[in-house]
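Student: make a model of this:
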Amino acid sequence: MNRPIAIFDAGLGSYAIVEAIKKAYPLQDIIYFADRKNFPYGTKTTEQLKTIIENSIDFLLEKGASFIVLASNAPSITVLDKIKNKDKVIGIYPPLKDVIRDKKKNTLIIGAKVMIESSELQDYIKKEVGDSYKQFHVENASPLIQLIESGDFINNIEGTKRTIRNFIDNCEKKFGKIDSITLSSTHLPWLGSYFKKIIPQAKLYDPADSLVKAIKPYINIGEGKIHSIISESEKYPSKEFLNILDILKIESVEKSL
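Tutor: Residues are numbered from 1 along each chain as shown. Predicted coordinates:
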């Protein structure tokens, strides 16, 4: 592989980032690391995340990565600024400036629990949008993330619709009519078609769009190979992860484990 870029996360969501980067830069060689041993990142403490992320970065640099994408919003927000080798890593973040540019007025930021409840997210919002921070509301979307990891968003369509509709209804009761949503977990864009039917008036923002543009300076010409690595634990074996990929008809991960 020629100066591969590594992309990693604990969950399934990061593979959507692999696909987005592959589409934009088809000759870029990629190392994809599904860190199931430490799944889920979204429920870890910030100290746990810091250790996990640093260890993963060291591991991927040893594997020959020229640059690394931390394809998870929660650790990108909460710990990326605090780790060693951060100059070799880019994270993924809620695209709040895009929301302001589009003149949206009541925005829901949804993601994993550890990010949503963090002071770092509040600091990030104020840094990005200044006095407009009051139009941004945050909500823990862990029940929606679980729909992806379980495969229910494919296997149980009616149940998925109910879960998302109840989630949106509860958010609008708290925050008023929502006109925009940042899907600030890499899992959540998999639910995009559901959101468009349930809350059609809201514009959806996928942080992957900004990330794909941001990594352009680090792209190299290779052969477009994907080398995949899956860590596992007793609770989250690699076989279970591969079964989910089969459901989603994702084949490239299985070429090299």
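Student: need the pLDDT of Ile154.
Tutor: On the pLDDT scale, Ile154 is placed at 88.
Student: that one: neighbour count?
Tutor: For Ile154, the neighbour count with other CB atoms under 10 Å is 15. Backbone N, C-alpha and C define where each C-beta goes, glycine included.
Student: over to Gln201?
Tutor: Per other CB under 10 Å, the neighbour tally for Gln201 reads 8.
Student: hang on, it in a strand?
Tutor: No. Secondary structure of Gln201 (DSSP: H, G, I helix; E, B strand; the rest coil): coil, not part of a strand.
Student: surely it is in contact with Glu172?
Tutor: No. Judged on CB atoms under 8 Å, Gln201 makes no contact with Glu172 at a distance of 10.8 Å.
Student: poorly predicted segments of this protein, please.
Tutor: Low-confidence segments of the chain (pLDDT under 70): 247-257.
Student: so where do the helices sit in it?
Tutor: Using DSSP state H, the helices of the chain run over 14-24, 46-62, 73-78, 96-101, 113-116, 119-129, 142-150, 152-155, 157-175, 192-198, 207-214, 238-247.
Student: could you say which of the ones you listed is packed most deeply?
Tutor: Highest mean neighbour count among the helices of the chain (mean count of other CB atoms under 10 Å): helix 73-78, with a mean of 28.
Student: packing partners of it?
Tutor: Where contact means 3 or more CB pairs under 8 Å, 6 or more residues apart in numbering; DSSP states H and E, helix 73-78 is packed against helix 46-62, helix 113-116, helix 119-129.
Student: and those helices: which comes nearest Leu147?
Tutor: helix 113-116 (15.2 Å; CB to CB).
Student: now the closest one: how far from the chain's centre is it?
Tutor: Relative to its chain's centre, helix 113-116 lies at 12 Å (CA atoms, centre = their mean, to the nearest Å).
Student: tally of neighbours for the closest residue in space to Lys126 that isn't next to it in sequence?
Tutor: Excluding the flanking residues, the one nearest Lys126 by CB to CB, 6 or more residues apart in numbering is Tyr133, at 4.9 Å. Close neighbours of Tyr133, defined as other CB under 10 Å, add up to 14.
Student: just send the helices of the chain back as JSON lines, with distance to Pro40 too.
Tutor: Listed next are the helices of the chain as JSON lines, based on distance: least, CB to CB, whole Å:
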{"stretch": "helix 14-24", "distance to Pro40": "12"}
{"stretch": "helix 46-62", "distance to Pro40": "11"}
{"stretch": "helix 73-78", "distance to Pro40": "9"}
{"stretch": "helix 96-101", "distance to Pro40": "24"}
{"stretch": "helix 113-116", "distance to Pro40": "9"}
{"stretch": "helix 119-129", "distance to Pro40": "17"}
{"stretch": "helix 142-150", "distance to Pro40": "8"}
{"stretch": "helix 152-155", "distance to Pro40": "16"}
{"stretch": "helix 157-175", "distance to Pro40": "17"}
{"stretch": "helix 192-198", "distance to Pro40": "21"}
{"stretch": "helix 207-214", "distance to Pro40": "18"}
{"stretch": "helix 238-247", "distance to Pro40": "12"}
